[in-house]
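[1] fold the following and give me the result.
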Amino acid sequence: MSFSNNGLEITNNQRPAILSGVYSNTGFDMVVVYCSPGFEKLTGYCQDEIVGKNCRFLQSPDGQVTGGSRRQHTDNQAVYYLKSQLNQAKEHQASIINYKKGGQPFVNLITVIPLFSSSDGQVEYFVGLQVDLVEQPNSILEKMKSENVVDDGVSLLDEYFRELPPAIDFNADMLSLLDHSASGISSESQIRKEWNQLVLNQTNDFIYVLSLKGTFLYVSDSSLSILEYQPHELFGKSLNSICHPSDIIPVMREIKEKTTNNNMDSVVSVIFRIRRKHSGYMWIDCRGKLHMDQNKARKCLVLCGREYPTYNLSYSQADMSKEAYWAKLSLSGLYLHVTEVCKEIVGFTADTLLNESIYQYVENEAITKISSALQSVKETRNSMSVRHSLLNSKGDYVPVLSTFYPGDRDRCIPLFILLQVRPVKDDNNTICCDSHTDSVNIFSELDVTRSTNWQYELHQLQQFNRKLREEIEKYMNPNKRSRKKIKEEGVKICANCQTKDSPEWRKGPNGPKELCNACGLRFAKLEKNNKK
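    Model prediction:
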């Protein structure tokens, strides 16, 4: 490469490259100061659209790319390599997907050569060369056919074409699939069917189809790994054969309510206990939508289920301090849920912390300790406490004691971690572990063997808390004149079917007004028959 009276000349060029242009290194953003006619022909842009711009505009179909942004339409690693080599003023080469005017992509082999100033030795310009790796080999072959290329053409082919690897024995099913696709015989519906089958075979979730009456119409192969049943063992059976007896009525009622209005976009979401073949009950979270079979004019539910991990924390482990907030963390330290008390301790609301990393709020010196605590809880399944400082909403760091607990102890490796954060006066950065033995689970209402439904348990807990608040108010204001007011019944829920709408509430096994009218009548009839 040399300068002459006629401008820039490329000498001894064995590669049929196009001189894309000259880029200034002295101005702002390394813009193009010269572009060749070949570059205009290759990209489809005219000179007025190129000169004065950084050539990153070729990295997007619409030509709109912001400097420093993450690329959406090309390889970010290749972009980073080109940028780093430019900053180091090195000659470099890389292949990258660029886009012509109008959005047509092409594989561009870019070679960049720095030109140094003779006065101070600094890089004054960069010269760019481009090769279209899609079109260039085709043009070489055309020249070979016309016998205009001899030895040089052979050497060029060696550069662009490499020897193919040895043949590999493919699976017969894969070959048959490829044959169908290549021949173009398969219809679009057949291709979609094969794709859906591939997704079903690869997913780890439990995919199944239910009739509106709760009969399994389809069961994916993942039922074996999740529920320990072969698909044919569940096909044609009813959901109540493996669903917990206390959960089947609320589940079927939820399905009925969601499918009554025939809204295909309505999402069905149910959490219930399901019985595995050998390992007993587990919680499962199922989500899906209503599907209408156009051929048979019948409706069904397509659902996706996965195991739902539940909390497991004993009273002997946890310090139930009022001046503390709790959080659910992922194993990498991401906030999945935070209680509202966090605002009183660090000033941030629960919504602010949600989906944020705990490392964003701790001092740099404590990052290693927090990371070690998370790893230790994951591996040993024992709780660990760390004294450190936590950033508050005012920008200050306050000393706290963070205690990490394994979220679900029944597993070899917990799926999540529970965090308790308490303010402390002492800023002594020490780590301490506990050795408490397991006791009663704080979340015993979520026990899979419990005879009642979780919705009923939650309702009872709400009622109990309401009575506690009334008693606290009574003791805190003993001299307050009581006003005569209408008795508030609150929202009632049936202990059997969990319905909240009943014209009359009847006696149940645990007391009066516990069952809805229908369940109460059945219970009364059952008691009457037992007495006989």
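[2] can you give me the helices for the stretch 351-500 of the chain?
    364-380, 454-476 (DSSP state H, counting those that start in this stretch).
[3] what's in contact with the longest one?
    This means helix 454-476. By CB atoms under 8 Å, 6 or more residues apart in numbering, the list of residues contacting helix 454-476 from outside reads D247, P250, I271, E445, L446, R450, G490, V491, I493, C494, A495, Q498. For every residue, glycine as well, the C-beta is placed using N, CA and C.
[4] can you rerun that using 7 Å?
    For helix 454-476, contacts defined as CB atoms under 7 Å, 6 or more residues apart in numbering pick out P250, E445, L446, G490, I493, A495, Q498.
[5] relative to K328, which of these is nearest.
    Nearest to K328, judged by CB to CB, of these is L446 at 13.8 Å.
[6] next, count neighbours for the closest one.
    16 (other CB atoms under 10 Å).
[7] all the strands of the stretch 401-532 of the chain, in order from the start?
    417-423, 431-433, 506-508, 511-515 (DSSP state E, counting those that start in this stretch).
[8] swap in the stretch 201-350 of the chain?
    Counting by DSSP E, counting those that start in this stretch, the strands of the stretch 201-350 of the chain are 206-211, 216-219, 267-276, 280-293, 298-307, 325-329, 335-338.
[9] for V33, which of those strands is the nearest?
    Nearest to V33, of the strands of the stretch 201-350 of the chain and by CB to CB, is strand 335-338 at 50.3 Å.
[10] what's the weakest-modelled helix or strand in the protein?
    When the helices and strands of the chain are scored by mean pLDDT, DSSP states H and E, strand 2-4 comes last with a mean of 41.
[11] deepest in the core, which of the strands of the stretch 401-532 of the chain is it.
    strand 417-423 (a mean of 21; mean count of other CB atoms under 10 Å).
[12] can you give me how far it is from the chain middle?
    When distances are taken as CA atoms, centre = their mean, to the nearest Å, strand 417-423 is centred 24 Å away from the chain's centroid.
[13] what angle separates that strand from helix 364-380?
    140 degrees (axes from the mean of the first three to the mean of the last three CA atoms, to 10 degrees).
[14] let me know the pLDDT of S435.
    Note for S435: predicted pLDDT of 45.
[15] what's downstream of the helix or strand harbouring L86, the next helix or strand?
    Element membership for L86, per DSSP states H and E: helix 76-87. Toward the C-terminus, helix 76-87 is succeeded by strand 92-99 as the next helix or strand (DSSP H and E).
[16] what pLDDT, on average, does that next one get?
    87.
[17] tell me how far Q197 lies from I191.
    For Q197, the distance to I191 (CB to CB, to the nearest Å) stands at 11 Å.
[18] tell me which of those two has more neighbours.
    Taking other CB under 10 Å, Q197 and I191 do not tie; I191 has more neighbours (13 against 10).
[19] I'd guessed V65 sits against Q59; true?
    Yes: in this structure V65 lies within contact range of Q59 using CB atoms under 7 Å: 5.2 Å.
[20] who has more neighbours, these two?
    A count of neighbours by other CB under 10 Å puts Q59 above the other of V65 and Q59, at 23 against 19.
[21] please name the nearest non-neighbouring residue to that one.
    Once flanking residues are discounted, Q59 sits nearest to T74: 4.7 Å by CB to CB, 6 or more residues apart in numbering.
[22] was I right to think S389 contacts P399?
    Yes: judged on CB under 7 Å, S389 makes contact with P399 at a distance of 5.5 Å.
[23] for the residue nearest to the spatial centre of the chain, which residues are in contact?
    Residue closest to the mean C-alpha point of the chain, counted by CA atoms, centre = their mean, is N355 at 11.3 Å. By CB under 7 Å, 6+ apart, N355 lies in contact with L334, Y335.
[24] and it, its phi and psi?
    Backbone torsions of N355, given as degrees, to the nearest 10, read phi 70, psi 10.
[25] now for L336: which residues touch it?
    With contact taken as CB under 7 Å, 6+ apart, L336 is in contact with K328, L329, S330, F416.
[26] between the residues you listed, which is closest to N312?
    F416 (10.8 Å).
[27] was I right to think that closest one contacts A327?
    No: using CB under 7 Å, F416 is not in contact with A327; the gap is 10.2 Å.
[28] between those two, who's got more neighbours?
    Set F416 next to A327 and count neighbours by other CB under 10 Å: A327 wins out with 20 against 17.
[29] so where's the stretch 51-200 of the chain uncertain?
    Low-confidence segments of the stretch 51-200 of the chain, defined by pLDDT under 70: 134-186.
[30] can I see the domain layout of the protein?
    2-134, 195-307, 325-442, 454-477+488-531 (automatic domain parsing).
[31] those: which one's closest to S314?
    Ranking the domains of the chain by their distance to S314 (criterion: CB to CB) puts domain 325-442 first, at 4.2 Å.
[32] and the end-to-end length of that closest one?
    End-to-end distance for domain 325-442, by CA to CA, to the nearest Å: 16 Å.
[33] which residues touch the residue lying closest to D247 once chain neighbours are set aside?
    With CB to CB, 6+ apart as the measure, F272 is the residue that lies nearest to D247, at 3.9 Å, once sequence neighbours are left out. Neighbouring residues of F272 by CB under 7 Å, 6+ apart: C243, H244, D247, V251, I284.
[34] just to revisit the earlier point, give me the buried subset of the contacts of helix 454-476.
    P250, E445, L446, I493, A495, Q498 (16 or more other CB atoms under 10 Å).
[35] hmm, back to that, of all the strands of the stretch 401-532 of the chain, which one is nearest L210?
    Here strand 511-515 is closest among these (CB to CB), at 27.5 Å.
[36] need the residues that contact the closest one.
    Contacts for strand 511-515 (CB under 7 Å, 6+ apart): C494, A495, N496, W505, R506, K507, G508, F523.
[37] what angle do helix 454-476 and it make with each other?
    130 degrees.
[38] ok, strand 511-515: who's next to it in the sheet?
    Paired strands of strand 511-515, with direction, are strand 506-508 (antiparallel) (DSSP bridges).
[39] contact partners of the strand it pairs with?
    A495, E514, L515, N517, G520, L521, F523, A524.
[40] what's the spacing between the second one and W454?
    Here the distance between E514 and W454 works out to 17 Å (CB to CB).
[41] also the fifth one?
    With the distance defined as CB to CB, G520 ends up 22 Å from W454.
[42] likewise the fourth one?
    Plainly put, N517 is 23 Å away from W454 if you go by CB to CB.
[43] show me which of the two is the more surrounded one.
    Regarding N517 and W454, a neighbour count based on other CB under 10 Å identifies W454 as having more, with 21 against 15.
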